[in-house]
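> structure for this input, please:
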Amino acid sequence: MTTLLFGFLGVGRPLVNVAIALNLSNSTYENASFNAPGTIMAGQVTAVESYLDQNSSILRRPNQVQVFGFAGVVRGLTSGFKTNGQEVKQELTQSLQNPNLENQIVPGTTDLTRAINAGIEALRGVEKGCREILLVTDGQGAVSPEVIASAIANRIRVNSMVVGAEADALQTTASGTGGIYLTGDINNLQTFFTDRFFNRFNSNLNWIIFWAGLTWIALMWLLVMPIDRWLFQDLLRMPMNLSGRLALSNALFWTTATPFIIWRLAEGLPFLSQC
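Sure thing, here's the model as predicted:
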């Protein structure tokens, strides 16, 4: 019953803080104006807005979100982490309409290390909840090992969405920090934001695995007598003393093994860490 409760009602979803870093370099609006409709940049903005709408409408405790824009330099597009999606969208729109923004971010360069580091510095100030960086880019670049080590030390997962070619450095970063790495085209952006990333960040799967494991242990003890009598004694014709020991050994085995299985599948125990 507890497993079903957590599964259907979403009980146990973690408090999540997300720093979103959008690539605003000139390659994201090539042969068009800054943030022009149909460009990769505009697709990124639409995907963020869809994420914010879903965040506000589905969750009882919406994610805290802050948005950054980067190229050669990183600039905050919203002020601080907020749960109010409309407020974040308004700030994002106002920042993108700033005529000086294009020059401020040095649009001819893509510095992934600076973008990730800006997210780390922002998330360091958040005391409670999971810490996620969601970086979107269309270009490749290096990520310094020091930044990856800093993310790991601060328990920050770096997730990346690459539009176009593969980015080996971001794939390595995501793998090292426990994040996810996706590639696709501009048409995948919105779906990836609202389905893959949103569902991953707000999953309570670790709790479901935990309660399912405890249910399995309870079932093994409940079946001690039936296994002893019907399987070992009646079907396999074992003597009573041997069948009893085997039935108890089966229950003891699963009582010992299941916590390790839970640990591997859930990547820890949910009451120790929900992230």
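
> so what's the backbone phi/psi at the most far-flung residue of the chain relative to its centre?
Farthest-out residue of the chain from its mean C-alpha position, per C-alpha atoms, centre = their mean: residue 239, at 53.0 Å. With angles defined as degrees, to the nearest 10, residue 239 sits at phi -70, psi 160.

> can you tell me which residues contact it?
Not one residue lies near residue 239 by C-beta atoms under 8 Å, 6 or more residues apart in numbering. In short, each C-beta sits where N, CA and C put it, glycine included.

> so it versus residue 228, what's the distance?
According to C-beta to C-beta, to the nearest Å, residue 239 and residue 228 sit 11 Å apart.

> follow-up on the earlier one: confidence score at the residue farthest from the centre of the chain?
pLDDT, residue 239: 88.

> one more: residue 101?
Reading off the model, residue 101 has pLDDT 93.

> what does residue 273 give?
For residue 273, the model assigns a pLDDT of 64.

> so residue 182 lies in a strand, does it not?
Yes - assigned with DSSP: H, G, I helix; E, B strand; the rest coil, residue 182 falls within a strand.

> could you shift the numbering so residue one becomes 59, and keep it that way?
OK, 59 is where the count begins now, so the last one is residue 240.

> in the sheet, who's paired with it?
Beta bridges link residue 240 to residue 219, judged by DSSP bridges.

> surely it and residue 251 touch.
No - using C-beta atoms under 8 Å, residue 240 is not in contact with residue 251; the gap is 10.1 Å.

> looking at those two, which one has more neighbours?
residue 251 (23 against 18; other C-beta atoms under 10 Å).

> I'd say that one and residue 110 touch.
No - in this structure, residue 251 is not within contact of residue 110 by C-beta under 8 Å, at 9.5 Å.

> the chain: helices as residue ranges?
Assigned by DSSP state H, the chain shows helices spanning 60-67, 98-116, 143-154, 159-162, 170-182, 203-211, 226-235, 247-249, 256-259, 263-280, 282-284, 298-324.

> okay, those in CSV with mean neighbour count and distance to residue 77 next?
Shown next, in CSV, are these (neighbours: other C-beta atoms under 10 Å; distance: least, C-beta to C-beta, whole Å):
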stretch, mean neighbour count, distance to residue 77
helix 60-67, 14, 28
helix 98-116, 20, 12
helix 143-154, 17, 12
helix 159-162, 15, 18
helix 170-182, 21, 4
helix 203-211, 16, 11
helix 226-235, 18, 13
helix 247-249, 18, 18
helix 256-259, 17, 12
helix 263-280, 18, 22
helix 282-284, 13, 51
helix 298-324, 15, 25
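
> who does the closest residue to residue 176 other than its chain neighbours bridge with?
Distances taken as C-beta to C-beta, 6 or more residues apart in numbering place residue 132 nearest to residue 176, at 4.2 Å, with adjacent residues excluded. Per DSSP bridges, the residues bridged to residue 132 are residue 128.

> how close does residue 132 sit to residue 237?
Taking C-beta to C-beta, one finds residue 132 at 19 Å from residue 237.

> likewise residue 225?
Distance from residue 225 to residue 237, counting by C-beta to C-beta: 13 Å.

> find residues that contact each of those two.
Counting by C-beta under 8 Å, 6+ apart, the contacts common to residue 225 and residue 237 are residue 218.
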